[in-house]
Each structure stands twice: as C-alpha cells, then as structure tokens.
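Enquirer: Task: produce atomic coordinates for the following.
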Amino acid sequence: MNKYRNVSLTKETYSNLEQIAKKLLPNSKLSISKTIESLVNEKKTILSKKGEI
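Expert: Here you go, the predicted model:
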C-alpha cells in the first residue's frame with residue numbers, strides 16, 4: 001500500500017508554492033511536497049485550536 005498521493009496544480013499555484021518555500025526556509029531548498037505538507041499542518045493546527053476539526 002502506498003502512503004503517498006499525487007496532486008495536480010496550476011502553474012500559478014506551483015509558482016506561489018515556490019515563493020512560499022523560499023520564505024519558509026530561505027537558506028535551503030524546500031520541496032513543493034514539503035511546502036504543501038507544512039502549510040496543511042499549520043492550517044490544521046489553527047483549525048484544531050478553534051475546534052473546527
């Protein structure tokens with residue numbers, strides 16, 4: 001069983017993720033997958049604190 005999934009992104013969204021990745025770790029190369037993972041985890045934490053999930 002595979003623990004990974006693929007996602008399709010518009011070119012604009014991909015570009016936005018590249019910009020965000022540079023801000024999250026300015027001196028390192030953060031992959032798009034890890035950038036998405038980081039953003040999702042951050043949002044999930046916020047929603048959990050609000051009791052929304």
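Enquirer: Can you give me the neighbour number for Glu12?
Expert: A total of 8 residues lie near Glu12 under the criterion other C-beta atoms under 10 Å. To be clear about C-beta, it is placed using only N, CA and C from the backbone, and glycine gets the same treatment.
Enquirer: do the same with the one 4 residues further on
Expert: By the other C-beta under 10 Å criterion, the neighbourhood of Asn16 contains 13 residues.
Enquirer: What are the boundaries of the helices in the protein?
Expert: Counting by DSSP state H, the chain has helices at residues 11-24, 32-49.
Enquirer: In terms of secondary structure, what does the last one contact?
Expert: The one in question is helix 32-49. helix 11-24 (3 or more C-beta pairs under 8 Å, 6 or more residues apart in numbering; DSSP states H and E).
Enquirer: counting contacts, what elements does the helix it packs on pack onto?
Expert: helix 32-49.
Enquirer: Give me the distance from the helix it packs on to the chain's centre.
Expert: A distance of 6 Å separates the centroid of the chain from that of helix 32-49, by C-alpha atoms, centre = their mean, to the nearest Å.
Enquirer: again, but for stretch 19-34
Expert: Centroid separation for stretch 19-34 versus its chain: 10 Å, with C-alpha atoms, centre = their mean.
Enquirer: cool, and stretch 34-53?
Expert: That offset, for stretch 34-53, works out to 10 Å (C-alpha atoms, centre = their mean).
Enquirer: Can I get it in PDB? Just the C-alpha atoms.
Expert: Extracted C-alpha coordinates of stretch 34-53, given in PDB (Å, rounded to 0.1, in the frame of the first residue of the first chain):
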ATOM      1  CA  LYS A  34       7.200  19.500   1.900                       C
ATOM      2  CA  THR A  35       5.900  23.000   1.400                       C
ATOM      3  CA  ILE A  36       2.300  21.700   1.000                       C
ATOM      4  CA  GLU A  37       2.800  19.500   4.000                       C
ATOM      5  CA  SER A  38       4.000  22.400   6.100                       C
ATOM      6  CA  LEU A  39       1.100  24.600   5.000                       C
ATOM      7  CA  VAL A  40      -1.500  21.900   5.600                       C
ATOM      8  CA  ASN A  41      -0.100  21.100   9.100                       C
ATOM      9  CA  GLU A  42      -0.100  24.800  10.000                       C
ATOM     10  CA  LYS A  43      -3.700  25.200   8.900                       C
ATOM     11  CA  LYS A  44      -4.800  22.000  10.700                       C
ATOM     12  CA  THR A  45      -3.300  23.300  13.900                       C
ATOM     13  CA  ILE A  46      -5.100  26.600  13.600                       C
ATOM     14  CA  LEU A  47      -8.500  24.900  12.900                       C
ATOM     15  CA  SER A  48      -7.900  22.400  15.700                       C
ATOM     16  CA  LYS A  49      -7.400  25.200  18.200                       C
ATOM     17  CA  LYS A  50     -10.600  26.700  17.100                       C
ATOM     18  CA  GLY A  51     -12.400  23.400  17.500                       C
ATOM     19  CA  GLU A  52     -13.400  23.300  13.800                       C
ATOM     20  CA  ILE A  53     -11.800  19.900  13.200                       C
END
